Structures are given as C-alpha cells and as structure tokens.
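**Student:** attaching a predicted model along with its sequence, questions to come.
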Amino acid sequence: MATFKPIVFNTKNHIKSDGTTNIKIRVYHNKESQYIPTEYYIDPSFMLPDGSINPLHPNTDLYNFELGEVIQKYRKAGLELGSERSSKMSCAEYRDYLVQSTQPDYDTIDFVEYCNQLISKTKKEKTREWYQQSLDSFVWYYGKSKIDARDITRNKIADYIEKLKVSGKRGEPLKNGSISNYVRGLRALYNFCKGTYNQPDYNIIRIPNEPFAVEIPAYKKKNVSVENIKKIRDHVCTFERAAFSRDMFMMMFYMMGINIGDLYRLDQPVDGRLNYERSKTDTDDNEMFMLSIKIEPELQILIDKYSSKGFLSDVKNRYSSIDSFRSSLNKGLKEIGEEIGISKLSSSWARHSWASIARNKADISKPDIDFCLGHVSKEHKMTDICIDIDYSICDKANRKVLNLLTDQKKKKKNGLLCLQAMNWNR
C-alpha cells in the first residue's frame, strides 16, 4: 500500500527569496517516491522529521489539519482505484492518477477544449482544417461550446448525421460525402480523446462510450470509366481555364492519382522520374511515403506545355497558392463535367478513377494499387522496412492503365502510343 508524508526540500534551488519552501506530499509506491506540491509554504526549519509542523509555527494546528486532509484525499483516491490496478502502476503513473482524479472537474472531460488543444498542435495544415471544420460542425449541432466527452452517445451521433442531411451550418442539406467527412474527422478527434484519458492497462476507462458505431453515410464513388477519361482528355474547351483544368486533371491521372497539393509542390524531375513524398490530409501520422513516378510520353507532353520558364513554371505563375490552384481547377472541371455529362467532376476523381480502372480493367492487384497510391500499411510496416522499394511495379501498373486510353488501330499504324491522336496543344 502507498504511503504519504508531508516533506520539504531545503536546498538552495527550492528556497524562495522570502526564505520559505513549498510543502510537498511524498508518495511512496512500489519502492519509488514521487512528490505532489501543495499550496502551503513554510520556513524549512518548521518541518519536523515525522512530517508534522513544529508547534512554534503560528499556524501549526491549521497546517497539520489541512495537510492531513490533503493526504486523506489522495489516500481515498488510491483506495477507490484498488490495489489490483495500482500495483501495476509505476510511482509516477500512480502520482499522476491521484492528482488527476482529485481535481474538481475530474468527472467532466471538456471535449471541445481537448480538441482545440489537439488541433493547435496538429502540424499538417489540411488535417488541421479538417479537424476544425468537423469540430465546428458538431459544436453548431450541439448548440454549446462545452461538451462532456461522456455525453457523446450513439444516439447523439445518429441524430447529428440526420440533422446534417436536413440542414448544415449554412442552412442547406449536406451531401453524403460532406457528412462522412465531418463524422470521420469527429471520430478521429474522439478516439484521440479516449486514448488520452483512458488507461485500459489499468482498467481506468473514463470515456466508455462507442458513439461512432453507427452507419456513416458513404461517399459517392468518384470514378469514371476509361471512355469518360478519354472524353475528358479529348474535350475541346471554349475557355482557357477549362482547358488548363483538363490538362491538370490528365496530369494527375497520368501520375497515378497524385493529389493536387503534391502536384503543385512537385520538384524538378530526376533521370526521367518525378519523386515526392505523398502528403496525407486524413491523418495526423507524421510518417511520409516516398513515391517515384516514371514520366510517360503522355505526361511529358503536358509537362513541356506548362514549363515555358522552368519545370511547371506556368502553373506557379498562374496561381500563387495551392488553394487558388485547387479552386480554379475544380471550377474548370465542373464546367467540363457539365458539358460531357459527368456531374460534379473534380480533381479528386483522377485518383479514384485511376485506382478503379487499374483494378477492374488493367487487372492490377489491390496490394500493388495501394503501393502505387502511396498507402502506408501499418499492418505490414516492419515488412516494408525490410524490403527494398521497387518502383518498376508502379511503372508497369501505370503503363497498363495508360495503354487502355490509346486507340489500338492508330497504335498499330504509328508504332507509337498514339500521341499523334492527342491534340494537347489545342
């Protein structure tokens, strides 16, 4: 059983300018000692070896009484924890539990405050924005800025989803994709919160609920067929923005669905390859995955087209930020989609379409598609460390997909990849 005793440190670095020092409660547990500061300060000479205050101190009885109450508070918390759980804890863990569990607000976990702190420490801008938008949506639904994490239930989340289907913050119904995005962001924040406050190794479960065990609206699949990819590629655009958007979409497709931020940040090619670390927007995992893409002839034509003063210089000259690039690109793609009969076409469709075509039409295995897309497998993380990366797998897969876009008759006639049939400079 843990023991508690008031003590003081009388070394120079513990003594204040007025000659007093803080009274601490020494916690002795599992043959280790840790210390909890109190609100009391005295001259060290008034502290007796047994932990009591010298009768000569003007507040002897008050200090002894109140320090006794502090110790009783910690002892009670330890008894409520139970010896079976406390015996598994180090002294530092036991001390931290005692301090936390005796706080006035221990029975309330402010989910919003926790999330705001976590968001402020999130390094990736897009992830930070995703978390913030998800939290803002939930606070709007809840109608207050302080939400106890333990009050978030399955019924609450189900009602939140139904509410968003009727009306979001802007007074308009949200599509399934937006609802799914908010709920997944909220779920990530909630799981972080549980991970912080729950200690399953010691059976300390301060947040017991599983509120996200509900049906989350599914994303509408954002992929188009080989024929529709050809329609996008060959579309004659009336306006320059749409033509630019068409070409950027095809660049993303030719690069196995590179996301728009990584396309914007691309560095100069090396030995005919584009190398980059894939950035993720749906996770706070700081691990990056290096991808290397062979520049196929179709892609080279577009790179040359927009590199009049250096590699993709025309893109950077046209747009000063990723956000402006994304916004303009998606507006142009929406126009193209309306003209060729693809509703709400956007930049993200390039990635989904490449993956779908690779699996369903080019017969690429799912693990190879994951590799091409830059998905890091936590399950096979150690295996990935031991195996050298062979980017020829990506090269072969990508070429198989791109071959599906070529006209077979012209391919035989020209002995090329049908580049002559692609009037990229119109």
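**Tutor:** Good, I have the coordinates.
**Student:** what about stretch 265-281, distance to the chain center?
**Tutor:** Chain-centre distance of stretch 265-281: 22 Å, with CA atoms, centre = their mean, to the nearest Å.
**Student:** no, scratch that, I was asking about stretch 23-34
**Tutor:** 38 Å.
**Student:** which non-adjacent residue is nearest Met290?
**Tutor:** Glu277 (5.5 Å; CB to CB, 6 or more residues apart in numbering). For the C-beta atoms, the positions are set from N, CA and C on the backbone; glycine is no exception.
**Student:** and the contacts of the helix or strand that neighbour falls within?
**Tutor:** In this assignment (DSSP states H and E), Glu277 forms part of strand 273-278. Residues outside strand 273-278 that contact it (CB atoms under 8 Å, 6 or more residues apart in numbering): 255, 258-259, 262, 265-267, 269, 288-295, 374, 391.
**Student:** filter the residues you listed down to the buried ones, ChimeraX style.
**Tutor:** Buried members of the contacts of strand 273-278, defined by 16 or more other CB atoms under 10 Å, are picked up in ChimeraX with:
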select :255,258,259,262,266,269,289,291,293,294,374,391
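**Student:** show me the contacts of strand 273-278 that map onto helices.
**Tutor:** Counted as lying in helices by DSSP state H, out of those, are Asp262.
**Student:** what residues are up against the residue lying closest to Arg206 once chain neighbours are set aside?
**Tutor:** Computed as CB to CB, 6+ apart, the closest residue to Arg206 that is not its neighbour in sequence is Tyr197, at 4.4 Å. Contacts for Tyr197 (CB under 8 Å, 6+ apart) come out as 109, 149, 206-207.
**Student:** what do you get if the cut-off is 10 Å, keeping everything else the same?
**Tutor:** Contacts here follow CB atoms under 10 Å, 6 or more residues apart in numbering; on that basis Tyr197 touches 100, 109, 114, 149-150, 204-207.
**Student:** same deal with Ile393?
**Tutor:** Going by CB under 10 Å, 6+ apart, Ile393 touches 364-365, 367-368, 371-372.
**Student:** Lys165 contacts Tyr182, correct?
**Tutor:** No - between Lys165 and Tyr182 there is no contact under CB atoms under 10 Å: 11.6 Å.
**Student:** for the residue lying farthest from the centre of the chain, give me its contacts.
**Tutor:** For the chain, the residue at maximal distance from the C-alpha centroid (CA atoms, centre = their mean) is Leu56, at 59.3 Å. Taking CB under 10 Å, 6+ apart as the criterion, Leu56 is in contact with 45-46.
**Student:** how about the helices in the stretch 251-400 of the chain?
**Tutor:** For the stretch 251-400 of the chain, the helices defined by DSSP state H, counting those that start in this stretch occupy 260-264, 297-305, 313-318, 322-340, 348-360, 366-373, 381-386, 392-403.
**Student:** highest average neighbour count across the ones you listed?
**Tutor:** Of these, the one with the most neighbours on average (mean count of other CB atoms under 10 Å) is helix 348-360, at a mean of 21.
**Student:** between that helix and helix 366-373, how big is the angle?
**Tutor:** For helix 348-360 against helix 366-373, the angle by axes from the mean of the first three to the mean of the last three CA atoms, to 10 degrees is 150 degrees.
**Student:** and helix 348-360, what does it pack onto?
**Tutor:** Applying 3 or more CB pairs under 10 Å, 6 or more residues apart in numbering; DSSP states H and E, we find helix 348-360 packed against helix 226-234, helix 240-254, helix 260-264, helix 322-340, helix 366-373, helix 392-403.
**Student:** what's the fourth one packed up against?
**Tutor:** Where contact means 3+ CB pairs under 10 Å, 6+ apart, helix 322-340 is packed against helix 125-142, helix 226-234, helix 240-254, helix 260-264, helix 313-318, helix 348-360.
**Student:** make CSV out of those and add mean pLDDT.
**Tutor:** Converted to CSV, the helices and strands packed on helix 322-340 look like this (pLDDT from 0 to 100):
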stretch, mean pLDDT
helix 125-142, 93
helix 226-234, 96
helix 240-254, 96
helix 260-264, 92
helix 313-318, 93
helix 348-360, 94
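**Student:** closest one to Glu66 among those?
**Tutor:** helix 125-142 (39.7 Å; CB to CB).
**Student:** what is the mean pLDDT for the helix or strand that that closest one is followed by?
**Tutor:** Next helix or strand after helix 125-142 toward the C-terminus (DSSP H and E): helix 154-166. Helix 154-166 shows a mean pLDDT of 95.
**Student:** what lies in contact with helix 154-166?
**Tutor:** Counting by CB under 10 Å, 6+ apart, 137-138, 140-142, 147, 152-153, 172-176, 178-180, 182-183, 186-187, 190, 209-217 sit against helix 154-166.
**Student:** what's the PyMOL line that selects buried ones from those residues?
**Tutor:** To isolate the buried members of the contacts of helix 154-166 in PyMOL, using 16+ other CB under 10 Å:
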select buried, resi 137+138+141+142+147+152+174+175+178+179+180+182+183+186+187+190+209+211+212+214+216+217
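**Student:** so which of the contacts of helix 154-166 belong to helices?
**Tutor:** Using DSSP H, the contacts of helix 154-166 in helices are 137-138, 140-142, 176, 178-180, 182-183, 186-187, 190.
**Student:** kindly reformat those residues as TSV containing distance to Gly68.
**Tutor:** Formatted as TSV, the entries for the ones in helices among the contacts of helix 154-166 read as follows, by distance: CB to CB, whole Å:
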residue	distance to Gly68
Ser137	49
Phe138	45
Trp140	48
Tyr141	47
Tyr142	42
Asn176	60
Ser178	58
Ile179	55
Ser180	56
Tyr182	51
Val183	50
Leu186	45
Arg187	46
Tyr190	40
